[in-house]
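Student: Model the structure of this input:
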Amino acid sequence: MKYIIFGLGNFGSSLAQKLTEQGNEVIGIDNSMTKVEAYKEKISHTICMNATDEFTVSGLPLKDTDIVIVAIGEDQGANIMTTAILKNLEVKRLISRAINPIHEKVLQAIGVDEIVHPEEETAERWAKKLCLANVVDSFELNKDYSLIEAKVPKDYIGKTLSEVGFKRDFNLLVLTIIKEVVVKSLLGKNKSEKKIKGVASANEVLEENDVLVLFGSNKDLQSFLKDNIDN
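Tutor: Predicted coordinates for the structure are as follows:
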């Protein structure tokens, strides 16, 4: 996949390097030539430019880029201006970094697809979420093993865990299932909530909107998700 990341601070540079290491094409952008020079051998491409200049930004290969990430953290004004420019240029998928609740509300008003909170989420988790289809969230236990939350592929809806054969065919453990249930609020209105089922049973039937909590090696997890990328 192809990514453009604006802002090569701690979070942006770490994410850009991890995505590059995983075989993606990444353009890292910063207004500091020092940072651009520091990462030019670690990221696919690095460019020194002013991300708040709409004319310059419009010259980037935005139409050919799958995901654009605004990781600028030091300057909230630059972050918001860059995000607004990219939204106006109609990039395919726009993710931006929020520094505080007010900043997040502004980004939501602009209409970004997702918001990053680097103080709470690591670059490793975001690299997995961006690279692997259907991943809702992930937690890296070490360099070899992870826990991930993944949407149930369409082909498995209506089947039991035993019928799918996660352990047998994919060498993965389903620890639990997060289901979407409808409950009544205090005002009597229906609302959707996520409910954790507890220890997964082999006879558990998978339903649409279920989220699987899977444990396994990073290699097996990637293999499973790539095999089901269109599901």
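Student: Show the contacting residues for H45.
Tutor: Contacts here follow C-beta atoms under 8 Å, 6 or more residues apart in numbering; on that basis H45 touches 25-28. C-beta coordinates here come from the backbone N, C-alpha and C atoms, glycine included.
Student: Swap in 7 Å and give it another go.
Tutor: Remark: with contacts taken as C-beta atoms under 7 Å, 6 or more residues apart in numbering, H45 is in contact with I27.
Student: Renumber starting at 771 from here on
Tutor: Yep, numbering from 771; the last one is H815 now.
Student: And it, how close does it get to Y773?
Tutor: According to C-beta to C-beta, to the nearest Å, H815 and Y773 sit 10 Å apart.
Student: Can you tell me the closest non-neighbouring residue to E807?
Tutor: For E807, ignoring the flanking residues on the chain, the nearest one in space by C-beta to C-beta, 6 or more residues apart in numbering is T816 at 7.8 Å.
Student: and what of C818?
Tutor: Distances taken as C-beta to C-beta, 6+ apart put V806 closest to C818, at 4.4 Å, once the chain neighbours are dropped.
Student: how far away is that neighbour from E933?
Tutor: Noted for V806: a distance of 52 Å to E933, by C-beta to C-beta.
Student: neighbour count winner among the two?
Tutor: Between V806 and E933, counting by other C-beta atoms under 10 Å, V806 is the more crowded of the two (19 against 12).
Student: The more buried one falls within a strand, correct?
Tutor: No: using DSSP: H, G, I helix; E, B strand; the rest coil, the assignment for V806 is helix, not a strand.
Student: Can you list the strands that the longest strand seen in the chain pairs with?
Tutor: If you go by DSSP state E, the chain has its longest strand at strand 943-954. Here strand 943-954 is paired, per DSSP bridges, with strand 960-966 (antiparallel), strand 981-987 (antiparallel).
Student: Out of the ones you listed, which gets the lowest mean score?
Tutor: Taking each of these in turn, the one with the lowest mean pLDDT is strand 960-966, at a mean of 68.
Student: contacting residues around V886?
Tutor: Contacts of V886 (C-beta under 7 Å, 6+ apart): 865-868, 896.
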